[in-house]
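# Next comes the sequence, and after it the predicted model I'd like to discuss.
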Amino acid sequence: NTDKYLIAVTNPSIAMTVAVIGKVAFAVASTELLSCILGRKLIFQTESYTRTKQKFERAKERRDKTSTSLAVKQAAREKQSKQTSQKSVDKEAKKLQRENEELSALAAEVARRHTMANFYPSIVFLMLYRILAAEYSGTVVALIPFDPFHFLQRITFRGLSEMTAKELQTLWMQSEGGPDATIPGANSPLSPDVSSVTQACAFAFIYLLCSLSIKMMVNMAFGTKPPPGADDGVGTLMEAPQSQKLLKNFGVDAEEVKEVRKGFGF
């Protein structure tokens with residue numbers, strides 16, 4: 001009987017939706033803002049990080065100068081210039097290799113600080129999710145104006161069990177007006193946008209949307225970005241000489257790993 005899956009939509013439900021979404025959005029935004037402030041204070045404004053970043057920027061300038069110098073000497077060598085010997089070119093190439101290794105090590109150190117700054121907030125957000133999920137367990141926090149496809153229902157309906165329309169309406173009104181609340185207009189015509197109980201939306205989907213939008217915007221506005229050359233995350237850490245040696249010790253070809261990362265867009 002498809003009638004048992006029909007649900008009625010009332011204006012108080014919309015007000016409740018806005019309040020819950022606003023609360024979740026505020027919790028995500030304030031947590032991310034606090035994480036950015038603490039990260040800047042405890043990591044990015046410390047003398048250790050500032051010194052490492054300055055070393056990285058100086059090493060990058062030296063590497064760029066050496067790279068330019070080597071390119072000029074190689075071009076002159078190709079023109080059979082008597083002033084540029086092969087020995088001079090080889091010496092410059094070895095110098096460039098050493099500076100690239102030094103730069104990779106410093107870039108990995110800078111990236112490690114940023115990775116650390118992102119790791120601890122991840123634990124805090126996991127705790128925030130568990131707290132809010134426990135608070136809104138089994139609670140319908142929104143109604144989606146379309147019937148989501150099956151895969152999306154696993155997210156939107158997470159934490160909600162299959163229920164009849166009457167059970168869903170009761171649960172919705174209890175979360176808003178208490179256990180004795182009535183449903184105004186329950187016998188009125190249904191909204192054309194809502195026709196199935198699967199349009200009920202649980203907390204997890206709202207939290208996911210807030211994490212993908214509000215959290216990202218707050219981080220873009222107040223977060224500290226790594227300098228260019230050390231902003232590839234795990235990729236920067238893997239380019240460090242220590243990581244390359246570790247991969248070789250395990251019999252892993254560093255070039256193959258690099259190709260795999262490029263293939264997956266990492």
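Good, I have the coordinates.
# Leu208: neighbouring residues, count only.
14 (other Cβ atoms under 10 Å). From N, CA and C alone the C-beta is placed, and that goes for glycine too.
# do the same with Cys36
By other Cβ under 10 Å, the residues close to Cys36 number 19.
# So for it, what's the nearest residue that isn't a sequence neighbour?
Excluding its sequence neighbours, the residue lying closest to Cys36 (Cβ to Cβ, 6 or more residues apart in numbering) is Phe222, at 4.2 Å.
# pretty sure that neighbour is in contact with Ser35, am I right?
No: counting by Cβ atoms under 8 Å, Phe222 does not reach Ser35; the two are 9.2 Å apart.
# Could I get the buried residue list for the strand or helix carrying Lys73?
In this structure, Lys73 is located in helix 47-78 according to DSSP states H and E. Neighbour counts over helix 47-78 (16 or more other Cβ atoms under 10 Å) mark Tyr49, Thr52, Lys53, Lys55, Phe56, Glu57, Ala59, Lys60, Arg63, Thr66, Leu70, Lys73 as buried.
# With stretch 230-237 instead?
Within stretch 230-237, the residues scored as buried using 16+ other Cβ under 10 Å are Ala230, Asp232, Thr236, Leu237.
# ok, residues contacting it?
56, 106-108, 110-112, 114-115, 225-226, 239, 243, 261, 266 (Cβ atoms under 8 Å, 6 or more residues apart in numbering).
# Buried among these? Need that as a selection in ChimeraX.
Buried subset of these, written as a ChimeraX selection, criterion 16+ other Cβ under 10 Å:
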select :56,106,107,108,110,111,114,226,239,243
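# So which of the contacts of stretch 230-237 is the closest to Phe151?
Closest approach between the contacts of stretch 230-237 and Phe151, by Cβ to Cβ: Phe266, at 24.6 Å.
# For the protein, which helix or strand comes out least confident on mean pLDDT?
The weakest-scoring helix or strand in the chain, judged by mean pLDDT, DSSP states H and E, is helix 165-177 (a mean of 52).
# now the helix or strand following that one: mean pLDDT?
Later in the chain than helix 165-177, the nearest helix or strand by DSSP H and E is strand 200-201. Strand 200-201 carries an average pLDDT of 78.
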